[in-house]
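Q: Sequence first, then the predicted structure, then my questions.
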Amino acid sequence: MKELKFETKSGWLLKDREAIEGFSKGYLEFISKCKTERQTVRFAEEVLAREGFVSIEDYDGTIPGKVYMKFREKALVAMKINSKLTDGMNLVVSHIDSPRIDLKPHPLIEDEGIALAKTHYYGGIKKYHWFNIPLSIIGVIVKEDGTKVDVNIGEEEGDPVFVISDLLPHLDRKDEKVSEKFQAEKMNLIVGSIPLKDEEKEAVKLNILKILNEKYGIKEEDLVSADLELVPAIPPREVGLDRSFIGAYGQDDRICAYTSLIALIESNSSKNMGIILFDKEEIGSDGNTGAKSRFYMMFFRKLLKKQGFNDVECALDEALEKTNVISADVSAAINPSFKDVHDIPNAAKAGHGIVLTKYTGARGKAGASEARAELVARVRAILNKRKVLWQVGLLGKVDVGGGGTVAKFLAEKGAEVLDMGPGLLGMHSPYEIVSKVDLYEAYEAYKALLEEL
Ligand code: MN
Ligand code: MN
């Protein structure tokens, strides 16, 4: 009678270790060089171009076709078109922004002989995680004439790094709440301490400006028109004596961006299938590159026009009605040291496969995107048939946790949507941890669902 019970097992007991390790290698390479939205879009575009995908502008509407559209360097949508779009699509959508620290638009100050850069955190972080760790600055500075300067300091061997330094314990004995102890306005980055000769006021800051001018040809005002992100300068590594985990920054949610991208490249079926890489999920999906924006709808409209539809709006509704979306985002795996925040039967275990989250939201399902039973049944059937390991997971106990993904913004458009992704330990920290099994099963699941949903 044991088979009546719904139980999961460690993937290490069920899966081919060689395939898992092989996939992990490619992922490690990706996650070590894609730490920002722009870097990830660039990576995806390179892969897609190599695989014969063409930009939407160059697509003539032939079926089958492989098309993509990059949007403002920070978001991307790509599709394999195998029939009329009005037949529906299978989409796996993820986000490529991660919690981090940004530079303020007028960042440079000098105080007590040290030049500092003022910062502004992005997304839901525990501020104290970001003190006393090496940080890289990655991004772009755009000059008045439109020239774009690529900035990447801290990632190459031999580069300097940057640190937000905390107070030593000897002088920090006050027993304050974390919210009082760690304040955003104290998250100032150390950038230098050598004064420029023959200067009296702010000589250290001036020296920093001189270095920036020599390196990038910029002046202080140019920092106003910049997207500069501080990310951990910590290389991804295998974690554990048995090397079963991968530790890296930004796995939420670039792990789903990578697994869905590779799944799309390798998928073959008669269905229309695609991926979307969104920006701005961590701050609510607002803005022209987030999931609330129109860019991917613009892409679908362009496709429909190229396929010869005259009433594009009507055709778009028809296409969306028949569309299935996997909202590919990470879940929380149980950390045995903090397991009281979870309802264990409804929480994800590291190494037990991709996590199926029937609904998101908080408390009484407020703000939830909930998948219909019909869709969940079809997904379950496909995964079981293909022997993909999956489990269920919710974001913590009902009155404790909760959270949202991009799911609801696609659901709003009329598509069927289900949340699925690997579970992480230490999500939103500078060094998130994933089981290699769950990484691999995410890829396998996305491939199966792109092909068969
Ligand atoms: Mn996420
Ligand atoms: Mn997140």
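A: Arrived safely, thanks for sending. Residues are numbered from 1 along each chain as shown. Ligands and ions are numbered 1, 2, ... in the order given.

Q: Run a quick neighbour tally on the residue of the stretch 51-200 of the chain at minimum distance from ligand 1.
A: Ligand 1 sits closest to residue 95 of the stretch 51-200 of the chain, with a gap of 5.7 Å, by Cβ to the ion. Where C-beta positions appear, they are placed from N, C-alpha and C, glycine not excepted. Residues lying near residue 95 (other Cβ atoms under 10 Å) number 29.

Q: So for it, what's the pLDDT?
A: For residue 95, the pLDDT comes out at 98.

Q: Then residue 15?
A: Looking at residue 15, its pLDDT is 95.

Q: dump the residue contacts of it.
A: Residues near residue 15 by Cβ atoms under 8 Å, 6 or more residues apart in numbering: 389, 437, 440-441.

Q: ok so, going back, the residue of the stretch 51-200 of the chain closest to ligand 1 and residue 278 touch, don't they?
A: Yes. Between residue 95 and residue 278 a contact is recorded at 4.5 Å, counting by Cβ atoms under 8 Å.

Q: quick one, what contacts whatever residue of the stretch 351-453 of the chain ends up closest to ligand 1?
A: Per Cβ to the ion, residue 405 is where the stretch 351-453 of the chain lies closest to ligand 1, at 6.2 Å. By Cβ under 8 Å, 6+ apart, residue 405 lies in contact with 281, 327, 329, 360, 369, 419.

Q: and it, which of the three is it?
A: coil (DSSP: H, G, I helix; E, B strand; the rest coil).

Q: one step back: spell out which residues are contacts of both of residue 95 and residue 278.
A: Counting by Cβ under 8 Å, 6+ apart, the shared contacts of residue 95 and residue 278 are 291, 406.

Q: name the element residue 356 belongs to?
A: strand 354-357 (DSSP states H and E).

Q: Likewise for residue 109?
A: Assigned by DSSP H and E, residue 109 belongs to strand 100-111.

Q: what is the mean pLDDT for that strand?
A: Averaging pLDDT along strand 100-111 gives 98.

Q: need the contact list for residue 325.
A: Here residue 325 is in contact with 91-93, 407, 410-411, 415-418 (criterion: Cβ under 8 Å, 6+ apart).

Q: Near ligand 1, which residues of the chain are found?
A: Residues of the chain lying close to ligand 1 (Cβ under 5 Å from the ion) are 252-253, 329.

Q: Highest neighbour count among those residues?
A: residue 253 (29 neighbours).

Q: Tell me how far that residue lies from residue 170.
A: In this view, residue 253 and residue 170 are 40 Å apart by Cβ to Cβ, to the nearest Å.

Q: again with residue 236
A: 34 Å.

Q: which residues of the stretch 201-350 of the chain score low on pLDDT?
A: Applying pLDDT under 70 to the stretch 201-350 of the chain flags no residue at all.

Q: where along it do the strands fall?
A: For the stretch 201-350 of the chain, applying DSSP state E, counting those that start in this stretch gives strands covering 226-232, 237-239, 245-248, 273-278, 324-328, 331-332.

Q: Would you convert those into a markdown table that also reports distance to residue 349?
A: Listed next are the strands of the stretch 201-350 of the chain as a markdown table, based on distance: least, Cβ to Cβ, whole Å:
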| stretch | distance to residue 349 |
| --- | --- |
| strand 226-232 | 26 |
| strand 237-239 | 16 |
| strand 245-248 | 13 |
| strand 273-278 | 27 |
| strand 324-328 | 19 |
| strand 331-332 | 11 |
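
Q: Kindly check the end-to-end length of stretch 184-195 for me.
A: 27 Å (Cα to Cα, to the nearest Å).

Q: now stretch 338-349
A: End-to-end for stretch 338-349, by Cα to Cα: 13 Å.

Q: Now find how far off-centre it is within its chain.
A: From the chain centre to the centre of stretch 338-349 is a distance of 23 Å (Cα atoms, centre = their mean, to the nearest Å).

Q: ok, the residue in the stretch 301-450 of the chain that ligand 1 sits nearest to to residue 357 distance?
A: Residue nearest to ligand 1 within the stretch 301-450 of the chain: residue 329 (4.1 Å; Cβ to the ion). For residue 329, the distance to residue 357 (Cβ to Cβ) stands at 8 Å.

Q: what residues are shared contacts of these two?
A: 419, 421.

Q: In contact with residue 54, which residues?
A: Neighbour list for residue 54: 65-68 [criterion: Cβ under 8 Å, 6+ apart].

Q: again, but for residue 252
A: Taking Cβ under 8 Å, 6+ apart, we find residue 252 in contact with 98-99, 329-330, 424, 427-428, 432.

Q: who touches the helix or strand hosting residue 20?
A: Using DSSP H and E, residue 20 sits in helix 17-33. Helix 17-33 is contacted by residues 11, 39, 43, 155, 235-236, 238, 246, 248-251, 254-255, 258-259, 262, 436-437, 439-440, 443 when judged by Cβ under 8 Å, 6+ apart.
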